[in-house]
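Visitor: generate coordinates for the sequence data below:
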Amino acid sequence: MKTLIKLEILRVLRNRKFMFFSVIYPPVLFLLLTAGQDAHTKLDGLGITVVAYYMVAMCAFGAMTAVLLGNAERIAREREKGWVRQLRLTALPGRGYVTAKIASAATISLPSIILVMLVAASVKQVRLDAWQWAGILLCSWAGSFVFAALGVAIGYVATADVARPIAMIAYFVLAALGGLWAPFTLFPGWLQTIADYLPARPYAALGQAIEFGSAPHLRDIAVLAVYLVLFAGGAAWMYRKDTAKA
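Guide: The predicted structure follows:
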């Protein structure tokens, strides 16, 4: 399994076009969303600054871009080309396959998160304590595993022709309802309630809780943990099911 993880990580890092898009796009979008805003303008209803809110939102959005869009289509194409069938002939368990895919996806989410934070600190003068920077980085990276697992599940369910459209729909819907493009406080109450139980909103809430100087809420962690088990477990089950048929 370790060998496959290393192989998957190297394959992702060699895709320069996808790496460029995944790493550069989120900080550029962050600068566009915060254009004209200074580091002291607070967001109504939340008590944190607009810049700080969008910094965490774009860390989450960038990670989702990296792990969800690339993973789904790539896995679907690997299935069509027979690579997954070859893996099923080995002793690799389903959890090993899913772990390797999640690990490789998480590798490219980390540079994007770091770059957004660097731009926020250097260009927008966001100032936080050292533990807050570290906490936001860790939460944004760890939370991206949920969406990496979703990408694996989509890639294993869909064909190569439809995997990308499905991933794009999931990507945009989750990002919008998660308040990554616009503050979720602008949503009506009923929509905020729904968003709290979808993965993107709890994901962004992890880092925003740290910006307030507190630990992430247990409910947000629990929601993400449930989705991670659901997505990763589903992908592993489908892998084992195909193995039984092989």
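Visitor: check which helices and strands whichever strand or helix holds Asn71 is in contact with.
Guide: Remark: Asn71 resides in helix 70-81, with elements defined by DSSP states H and E. Helix 70-81 sits against helix 83-88, helix 94-122, helix 130-157, helix 160-177, with contacts defined as 3 or more CB pairs under 8 Å, 6 or more residues apart in numbering; DSSP states H and E. Where C-beta positions appear, they are placed from N, C-alpha and C, glycine not excepted.
Visitor: and what about Leu180, helix, strand or coil?
Guide: Of the three states, Leu180 takes coil under DSSP: H, G, I helix; E, B strand; the rest coil.
Visitor: number of nearby residues for it?
Guide: With neighbours defined by other CB atoms under 10 Å, the count for Leu180 comes to 26.
Visitor: same question, Ala106
Guide: Neighbour count of Ala106, defined by other CB under 10 Å: 20.
Visitor: do I have it right that it meets Val146?
Guide: No - taking CB atoms under 8 Å as the definition, Ala106 is not a contact partner of Val146, at 10.5 Å.
Visitor: contact partners of the helix or strand Arg201 falls within?
Guide: Using DSSP H and E, the element containing Arg201 is helix 200-211. Among residues not part of helix 200-211, those counted as contacts by CB atoms under 8 Å, 6 or more residues apart in numbering are 46, 48, 52-53, 56-57, 59-60, 64, 128, 132, 135-136, 139-140, 143-144, 146-147, 174-175, 177-180, 184, 195-196, 215-217, 219-221, 223-224.
Visitor: which helices and strands sit right next to the next helix-or-strand element following it?
Guide: Taking DSSP H and E as the definition, the helix or strand that follows helix 200-211 towards the C-terminus is helix 218-245. Using 3+ CB pairs under 8 Å, 6+ apart as the contact criterion, the secondary-structure elements in contact with helix 218-245 are helix 83-88, helix 94-122, helix 130-157, helix 200-211.
Visitor: out of those, deepest packed?
Guide: helix 200-211 (a mean of 24; mean count of other CB atoms under 10 Å).
Visitor: let's see that helix as PDB, backbone CA atoms only.
Guide: Backbone C-alpha positions of helix 200-211 (Å, rounded to 0.1, in the frame of the first residue of the first chain) are rendered in PDB as follows:
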ATOM      1  CA  ALA A 200     -18.600  22.300   3.000                       C
ATOM      2  CA  ARG A 201     -20.100  24.600   5.800                       C
ATOM      3  CA  PRO A 202     -18.700  22.600   8.700                       C
ATOM      4  CA  TYR A 203     -15.400  22.400   6.800                       C
ATOM      5  CA  ALA A 204     -15.100  26.200   6.600                       C
ATOM      6  CA  ALA A 205     -16.400  26.500  10.100                       C
ATOM      7  CA  LEU A 206     -13.400  24.700  11.500                       C
ATOM      8  CA  GLY A 207     -11.000  27.400  10.500                       C
ATOM      9  CA  GLN A 208     -13.400  30.200  11.300                       C
ATOM     10  CA  ALA A 209     -13.800  28.900  14.900                       C
ATOM     11  CA  ILE A 210     -10.000  29.200  15.300                       C
ATOM     12  CA  GLU A 211     -10.100  32.800  14.000                       C
END
